[in-house]
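Participant: structure of the sequence below:
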Amino acid sequence: MSDTVPDPSFSPPPEAVAFYEEALGLLKESGIPFLLSGTYAVTAYTGIRRPTKDLDVFCKPGDYPRILAYFQARGFRTDVEDERWIAKVWKDDKHFFDVIFAMSNGTIAVNDSWFGDDVIEVYGHRVGITPPTALILSKVFIQDRYRYDGADVNHVILKQADAIDWKSLLDQMDLYWEVLLAHLLNFRFAYPTERDKTPRWLIAELTERLQAQVDLPAPRIRVCRGRLFSPRDYIADITEWGFGDVVGKGLEERHEPID
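Facilitator: The predicted structure follows:
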């Protein structure tokens, strides 16, 4: 893929554009590694355009305090919404950008493998975006009553299969290989003529794991991993049906997923 990908060319209000231009300029000036993700990356890799209300700035966990401190020293208001995955930088009561350093369910943190060579020109700045592999990782667990990112995963596979580091994807999803297999099967169902875009070795590896699992006894501890997909949609499982919770989020939390 070219080192330059298309500008999503969205048109937020002028005051928002001014804030985004300033924020990206300061992020670059800081020298702290960061990436844009969400809608900007989806548009760049698939050509699908849709409006977006903010910036999703990704960084490694050790860098998020440095970003917040850099902006705070320049008069911005900062807010650590959840130290497990997200903070915000505010210009005023209306304009902000998210600083995301892990997935909201705590399964995967941003790491060096998320930083590639693809860049876009956006709001007057050339900035890096999450590579296709990392973009998939950021979306595989977003399966909520109000938000499901499986179509984004399918479109990235369809358009960027050759650019995906499938070995790295498997390594980072190793504990959650069933989720990866479900997405790959979903892709193969959606695009039966494009099945070869999912590597045969990966399908064989995952189905072999599934076959080996079929004859194993059920786990002794009753847990509900559904809250890794949606904390709000699996509350009854924890509060009424006796399943253990693997997420550790408060039952009243209502985090919106990243874009």
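Participant: moving C-terminal of the helix or strand encompassing Val153, what's the next helix or strand?
Facilitator: Using DSSP states H and E, Val153 falls within helix 150-160. Once the chain leaves helix 150-160, the next helix or strand it forms, by DSSP H and E, is helix 166-172.
Participant: helices or strands up against the helix holding Val153?
Facilitator: On a contact count with 3 or more CB pairs under 8 Å, 6 or more residues apart in numbering; DSSP states H and E, helix 150-160 meets helix 39-46, helix 132-137, helix 177-190. Every C-beta, even on glycine, is put in place using the N, C-alpha and C of the backbone.
Participant: so which bits of that helix are buried?
Facilitator: The neighbour-count check on helix 150-160 (16 or more other CB atoms under 10 Å) flags 150, 152-157, 159-160 as buried.
Participant: okay if I get those residues as JSON lines plus distance to Ile203 and pLDDT?
Facilitator: Below are the buried residues of helix 150-160 laid out as JSON lines (distance: CB to CB, whole Å; pLDDT from 0 to 100):
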{"residue": "Gly150", "distance to Ile203": "17", "pLDDT": "97"}
{"residue": "Asp152", "distance to Ile203": "21", "pLDDT": "97"}
{"residue": "Val153", "distance to Ile203": "15", "pLDDT": "98"}
{"residue": "Asn154", "distance to Ile203": "15", "pLDDT": "98"}
{"residue": "His155", "distance to Ile203": "19", "pLDDT": "98"}
{"residue": "Val156", "distance to Ile203": "17", "pLDDT": "98"}
{"residue": "Ile157", "distance to Ile203": "12", "pLDDT": "98"}
{"residue": "Lys159", "distance to Ile203": "19", "pLDDT": "98"}
{"residue": "Gln160", "distance to Ile203": "18", "pLDDT": "98"}
